[in-house]
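A.B. asks: Sharing a sequence plus its predicted fold:
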Amino acid sequence: MGVKLAEALKRPFLLGDGANGTWLSDQGFKTQPYELANLHAPELVIAAHQAYIDSGSDFVETNTFSANEIKMPGASHLLHDLTLAGAHLARKAAGPEKLVLGCIGPMGKPIEPIGSITRQQVFDAVRNQAIALAESNEVDGFILETFIHLDELAIAVEAVKSVSDLPIIACKAFIEDGEALAEGLPGRCATEMASLGVAALGANCVVGPQRMVDIVRQLSEHTDLPVLAQPTPGLPQLVKGEIVYDIQPEYFAKACMRLVEEGAHIIGGCCGTTPEHIARMRALLDAGAYRPQARTSVERRVKEQKPLAETEPTELAMKLKNGKFIITVEMDLPRGLNVDKILRGSKSLKVHGADLVDISDGARARLRMNPMSVATLIQDKVGMEVMMHFSCRDRNLLAIQADLLGAHALGVRNILAITGDPANIGDYPSATSVFDIDAIGLVRILSRFNEGIDLAGYSIGVKCGFVIGVAFDPIARDLESELDRLKRKADAGAHVVYTQPLFERQAADVAAEACRQVGLPLFVGILPLRNARHCEFMHNEVPGIVIPDWLRKAMADAPDDDNAREVGICEAQKLSTHIRTQSQGLYLMPPFGSHQIAERVMEAVL
């Protein structure tokens, strides 16, 4: 079958199919992922393929785009059968005369070092999918499509090649703007894709036919391989909870002829396209309604890039550079809008010698004001820098980057990167957690911003000046794993390390040694205990907190709450004095955000 596709690629052009998922949805199969239709509604899948064949498609793609264990973890036991079924259904519709391409999509989650998905996991997922498609003996080749990142696409190509010699078509989804196009990004991508040893390469999804013209032009200028173009009908909109495209088949078909003229050898449609779109394209192709240009190799002059401006360092960055011992105090955000207490407390802390205020981001998944707003108010009204905690729980990759850029623009540039507590333990247990990335991935994003580029590698116009903080737990149950994560955070670009509340010198010493090993300054967490109830609650009900028996006994033996509070403050002062000799900073977490208690502890180290 591979020879069949290789021969077909020598034709003047090949017309592919359109969208499977949106077509199946229009026909009444609303269950997602749509690949489940291979088992639950095979007649609809056959009908979809048949509709495209009847409209003039030279090939159809198997309905297996998302059939991998990373995108469909709950259906992993079905994936092999589901993928085999997808190949059989496509062949049943295509018959012996039409081509069938085994479709494989990206994992849908960022891979390391940004995300937690490993390269081996990507390889294994694609390999398993390719094995099932190859075992079917129904596919003529593979199409890897809608990959955003070239490194993931390269892994996928390698995985397919490890199980099959069938030809591979590799496609990238281009999401960049006109400026990136002007810098020749598609051409560079074409060179990289061609180096993977694929039979053809191209672009699909995300953009409509007009925006894809420049992409195809640059792809064709930088490769002799056949170029594929599969645009969407345009920009989608959300109607009654469903993604809907403004379907104009006649316009779409005419616009796609421009793609043929600019070098596209394989054309078709992506999300939102229907058999009618394909039929209109077939009619224009057969009528010769296009004037293909001779493929040329163009040497583009890349305009000289001026060095990006660098943001001035924060006060915290300068203090760390000069070796100052840092005192930072975490202030509790109130429920609601009244922030007067935080502003008054911050002013008092500044007067008493604190360098920084920490503002948490929905700790324990409680509903609190956005920390960026409070951080901005403190910096503007008090004149004191804030370390803003930033959680991965509530934001996808787009929102994470957007919010961080917004924080930088507002002057909030000290960020403690945390993964965050799951939403189901907090005020709204039914709320969903996002967790596109974890704290390590967040550090990587912040570090890239400091280089002047976003996660996709595009310039943001200036090198940011973020101070990147990370967490470390020296009393973690799995200390080896915690040390490994600390090293990965350091490698990703972290600048300073915070610990959770510690209550013994030995734990603080472990943290200090770990930070010396990775070359990062350390802020040790101190929580002055309030009374015996507070002590027992923290020890027994808060994960990651261990209070030694001797301190619990001392708190319990105090005759009343006032005496217990003094015991808590005294022990916090003693530990702070020791920490002053072992670390670069003190991270105070007074109960209820009491600045008065924090100021009492600070007296021991000032």
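C.D. replies: Ah, there it is.

A.B. asks: what's around residue 124, how many residues?
C.D. replies: Counted with other CB atoms under 10 Å, residues neighbouring residue 124 total 15. C-betas here are computed from N, CA, C, even on glycine.

A.B. asks: Apologies, that question was intended for residue 433.
C.D. replies: Residue 433, neighbours per other CB under 10 Å, totals 16.

A.B. asks: Look at it and give its secondary structure.
C.D. replies: The assignment at residue 433 comes out as coil when based on DSSP: H, G, I helix; E, B strand; the rest coil.

A.B. asks: Would you mind confirming that it makes contact with residue 424?
C.D. replies: Yes - because the distance of 7.3 Å satisfies CB atoms under 8 Å, residue 433 is recorded as touching residue 424.

A.B. asks: Show me the shaky parts of the stretch 201-350 of the chain.
C.D. replies: 235-247, 293-305 (pLDDT under 70).

A.B. asks: And the strands in it, which stretches?
C.D. replies: 227-230, 236-239, 242-245, 264-267, 309-310, 326-331 (DSSP state E, counting those that start in this stretch).

A.B. asks: cool, the stretch 401-550 of the chain as well?
C.D. replies: 414-418, 462-463, 467-472, 496-501, 522-526.

A.B. asks: closest one to residue 106 among those?
C.D. replies: Among these, strand 414-418 comes nearest to residue 106, with 24.9 Å by CB to CB.

A.B. asks: Give the buried residues for the closest one.
C.D. replies: By neighbour count on 16 or more other CB atoms under 10 Å, the buried set for strand 414-418 is 414, 415, 416, 417, 418.

A.B. asks: repeat for stretch 572-579
C.D. replies: Buried-residue list, stretch 572-579, by 16+ other CB under 10 Å: 572, 573, 575, 576, 578, 579.

A.B. asks: what's the answer for stretch 529-540, then?
C.D. replies: 529, 530, 531, 532, 534, 535, 538, 539.

A.B. asks: cool, and stretch 205-215?
C.D. replies: 205, 206, 207, 208, 209, 211, 212, 213, 214, 215.

A.B. asks: from memory the second one sits against residue 175, does it?
C.D. replies: Yes - using CB under 8 Å, residue 206 and residue 175 qualify as a contacting pair, with a distance of 5.5 Å.

A.B. asks: For the residue nearest to residue 27 when sequence neighbours are not counted, give me its contacts.
C.D. replies: Distances taken as CB to CB, 6 or more residues apart in numbering place residue 44 nearest to residue 27, at 5.4 Å, with adjacent residues excluded. Applying CB atoms under 8 Å, 6 or more residues apart in numbering, we find residue 44 in contact with 24, 27, 28, 29, 37.

A.B. asks: try 7 Å
C.D. replies: Applying CB atoms under 7 Å, 6 or more residues apart in numbering to residue 44 gives the contacts 24, 27, 29, 37.

A.B. asks: One more: residue 141?
C.D. replies: 2, 5, 101, 166, 167, 168, 169, 199.

A.B. asks: secondary structure class for residue 103?
C.D. replies: strand.

A.B. asks: what does residue 30 give?
C.D. replies: coil.

A.B. asks: gap between the residue nearest to residue 27 and residue 340?
C.D. replies: 61 Å (CB to CB, to the nearest Å).

A.B. asks: and what of residue 285?
C.D. replies: 70 Å.

A.B. asks: Compare neighbour counts for the two and give me the winner.
C.D. replies: More crowded of residue 285 and residue 340, by other CB under 10 Å: residue 285, with 20 against 9.

A.B. asks: re earlier: the residue nearest to residue 27 sits in which helix or strand?
C.D. replies: helix 42-55 (DSSP states H and E).

A.B. asks: Sounds good, over and out.
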